[in-house]
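J.: here are the coordinates; sequence isn't available:
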C-alpha cells in the first residue's frame, strides 16, 4: 500500500512539473521579441511591442519508476520566490496585480489587468484623483470648449421633441468626468424651461473623487422634496434639475423615457486581446517575468473570452479577419450596448455615443497615457490612463441583435456631427462679444473639436499647436424606431 501511494505521488508530481514548465518559453523559440517600451511621440506605442512570450509545451517528463528505497519526487511542486521582509518599491497597484497573478498560479487577461488598473476601489487610476484637463493626464472634448456640451444639449433637445416632449425624462451620462459636459448642456438649455423641467439627471460614476467634482461643477445643493421635509434631493442650480449618482447603469430607475450620453466612456472598457499564432488565435495575457516586471504571454489553450472572439468574427467578413494579426474584443461593450438597447426599446428615447474608434474590427489599439504622453502599457500600472479604439461596428451589431425595436445610425465624424448641429454659428456668435484672449481660446477650441491635424492659423510654439479631433472621433446614435431618424443622422 505504501509503495502504491508513493508511486501515485511521484507520477502526480511529474505531471504537475510538466504543466508549470509549459509556462516558460523554450530558449530556442523564435517567437521571443522586445521593442522600445516608452514613447513620447504623438503616436502611441503598440502593445505588441512589449515583452511577449508564447507558451509552448515542453516534452513531458518521464515518471520515475518505483524502487525499493523510499523516494518522493518534489520537482513538480510550486516553489514561490523567497519572501523578503525588507521595504518594497512596488506601488500598491503593482503589489495587488502581482498578488492576483501569484494567487491564480498563472497570468491574467489583458481585460482583467485593464479593469484593475483603472477602477480598482483602492488604487484604480480613475478612483482617487482628477485625471482630466491640462493639469491631469489627458484632455477631453468638454474640457476643450463649452461649445461641445452645448451642441450635445441641442441634440438632446431635438431628440426630446421627436419623443413627443414627455413630461419626465431620465437624462443619463455614463462616465461624466468632471461634469463639464453636463454643466455646459444644462447651462445652454436653461432658457428652454419645458425641456429642463422634464429632466432628472443621472450620473453613472464609480469614483468618489469625481462625484464631488461633478457636484461642484453642476452647482448642486440639497433641498427638501416633501412637505414634511423628510425626503431630500440634490438639485443643480444651473437649470433647476434634480441630480442623482449611481455606480452602474442598472441602478438608474427605468420606466421613464431615457436620453443616454456616453462620451469617451466605451474607450475605457476592458478589452481582451488575441494574437494569431501557429496554432490559431491565442489570447494575450499579463504575467510576471523573472525580474519581477510584468510581461505579455500567450495563453496555451482557449480561454472563455474566445467565445466573444468567435462572435465578433461572425460579424466581420472573412477577408477582413484574414488581414489581421491581432484582434481586440470588448465583451463589456457588447453587454452595455445590449442594456442600453433594451432600455430604449422598453422606455423610449435614445443614446448618443461619441468616442475615438473605427467602424470595423479593431486590431491592436490599447494605449497608456501619463501626463499627456504615451508610455508603455505595463509601466507603473495605475499611474497612467489605459484606453482603446472603440469598435463601432460591434456596437451596431450588439444593439440590433438584442432588439428589433431600435435603430442604429452612424457613425459619422465628430466634425460632421457638431457642424450639422450649428457649432459654426455658435462660435461666430461668441466671437462677437469677447476679448482678444477669449477669441484666441475660442478659435483654438473650435479647431480641436472639428479640425483635422494641426491648426493652420497657429503662430505659437510647434509643440503647442492645437490638434484637431474632428475626424478622429466618431458619433453614433441608438434610438427607438418609433421616433424616426435622429438629428443630424438623416
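T.: Cool, got the structure. The model shown is predicted, which means the values in this text are computed figures rather than measured ones.
J.: the residue nearest to residue 324 when sequence neighbours are not counted and residue 474, how far apart?
T.: Sequence neighbours aside, residue 363 is the residue nearest to residue 324 in space, at 5.3 Å (criterion: Cβ to Cβ, 6 or more residues apart in numbering). Using the backbone N, CA and C atoms, a C-beta is placed for each residue, glycine as well. Residue 363 sits at a distance of 17 Å from residue 474 (criterion: Cβ to Cβ, to the nearest Å).
J.: which one's more surrounded, these two?
T.: residue 474 (22 against 17; other Cβ atoms under 10 Å).
J.: ok, the more buried one to residue 395 distance?
T.: Remark: distance between residue 474 and residue 395 (Cβ to Cβ) = 10 Å.
J.: could you do residue 430 as well?
T.: Here residue 430 is placed at a distance of 33 Å from residue 395 (Cβ to Cβ).
J.: now for residue 487, which secondary structure element holds it?
T.: Assigning secondary structure by DSSP states H and E places residue 487 outside every helix and strand.
J.: would you report the backbone torsion angles of it?
T.: Main-chain dihedrals, residue 487, degrees, to the nearest 10: phi -70, psi 140.
J.: residues contacting it?
T.: For residue 487, the contacting residues are 155, 158, 159, 420, 421, by Cβ atoms under 8 Å, 6 or more residues apart in numbering.
J.: how many neighbours does residue 239 have?
T.: Residue 239: 24 surrounding residues under other Cβ under 10 Å.
J.: on the three-state scheme, it is what?
T.: The three-state assignment at residue 239 reads coil, by DSSP: H, G, I helix; E, B strand; the rest coil.
J.: would you enumerate the residues in contact with it?
T.: Remark: with contacts taken as Cβ under 8 Å, 6+ apart, residue 239 is in contact with 186, 187, 189, 190, 196, 199.
J.: residues near the fourth one, how many?
T.: The number of residues packed near residue 190 is 17, by other Cβ under 10 Å.
J.: one more: residue 393?
T.: Residue 393: 19 surrounding residues under other Cβ under 10 Å.
J.: ok, it to residue 327 distance?
T.: Distance of residue 393 to residue 327, computed by Cβ to Cβ: 12 Å.
J.: now do the shared contacts for these two.
T.: When Cβ under 8 Å, 6+ apart defines a contact, the residues bordering residue 393 and residue 327 alike are residue 361.
J.: tell me where the stretch 51-200 of the chain has strands.
T.: For the stretch 51-200 of the chain, strands defined by DSSP state E, counting those that start in this stretch occupy the ranges 52-54, 108-109, 169-174, 199-204.
J.: reformat these as CSV; add mean pLDDT, distance to residue 438 and mean neighbour count.
T.: Below are these laid out as CSV (pLDDT from 0 to 100; distance: least, Cβ to Cβ, whole Å; neighbours: other Cβ atoms under 10 Å):
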stretch, mean pLDDT, distance to residue 438, mean neighbour count
strand 52-54, 53, 49, 20
strand 108-109, 96, 48, 18
strand 169-174, 98, 27, 24
strand 199-204, 98, 28, 22
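J.: of all those strands, which one is nearest residue 383?
T.: Evaluated with Cβ to Cβ, the strands of the stretch 51-200 of the chain place strand 108-109 nearest to residue 383, the distance being 18.8 Å.
J.: ok, the closest one: who's next to it in the sheet?
T.: Strand 108-109 sits in its sheet next to strand 280-288 (antiparallel), going by DSSP bridges.
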